[in-house]
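Participant: got a structure for you, letters missing:
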Ligand SMILES: [Zn+2]
């Protein structure tokens, strides 16, 4: 046994993903969380993590593709096990800050007459995301 040979985290990760075309979902092939998100075990020291633990595979996919951690990694597609962070239509970043900013702007506009209905429109993806959450609930347990 050569003992100290460590498989790079990138390799460990991508061999559990079925990487397909740019416009397709990239399904996670290993274990998932009860909600359907891919579950990836990270070792201490991997990808700037101070301790070992599990992480959402779509988050790790975003980190490996973009070289930084997203505040929130969201799915534009309805496939929670999807790891296609290359295509924002599948996995994209949504920050808490963006949400707050949009809310503040909407609040300001509400001062003008009728302008409050002029929504920012960018929250459709988020709305879809939330809807998916409630529809699927925890029903899709992994066997
Ligand atoms: Zn997808």
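Facilitator: Great, that's in hand. Quick caveat, the model's predicted, so the values are computed rather than measured.
Participant: show me the domain layout of this structure.
Facilitator: With domains defined by automatic domain parsing, the chain comprises 1-94, 98-130.
Participant: okay, those in CSV with distance to the ion and mean pLDDT next?
Facilitator: Using the backbone N, CA and C atoms, a C-beta is placed for each residue, glycine as well. Shown next, in CSV, are the domains of the chain (distance: least, Cβ to the ion, whole Å; pLDDT from 0 to 100):
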stretch, distance to the ion, mean pLDDT
domain 1-94, 3, 94
domain 98-130, 12, 56
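Participant: winner for burial among those domains?
Facilitator: A comparison of the domains of the chain by mean neighbour count, using mean count of other Cβ atoms under 10 Å, puts domain 1-94 on top with a mean of 16.
Participant: mind checking what secondary structure residue 74 has?
Facilitator: strand (DSSP: H, G, I helix; E, B strand; the rest coil).
Participant: apart from its chain neighbours, what residue comes closest to it?
Facilitator: Nearest residue to residue 74, sequence neighbours excluded (Cβ to Cβ, 6 or more residues apart in numbering): residue 94, at 4.5 Å.
Participant: cool, residue 23 as well?
Facilitator: Closest residue in space to residue 23, ignoring its immediate chain neighbours: residue 87 at 6.6 Å, by Cβ to Cβ, 6+ apart.
Participant: ditto for residue 46
Facilitator: Distance criterion Cβ to Cβ, 6+ apart; nearest residue to residue 46, sequence neighbours excluded, is residue 9 at 4.5 Å.
Participant: the one you found reaches residue 41, doesn't it?
Facilitator: No - with contacts counted by Cβ atoms under 8 Å, residue 9 stays clear of residue 41, the gap being 10.1 Å.
Participant: hey, what's in contact with both of these two?
Facilitator: Counting by Cβ atoms under 8 Å, 6 or more residues apart in numbering, residue 9 and residue 41 have no shared contacts at all.
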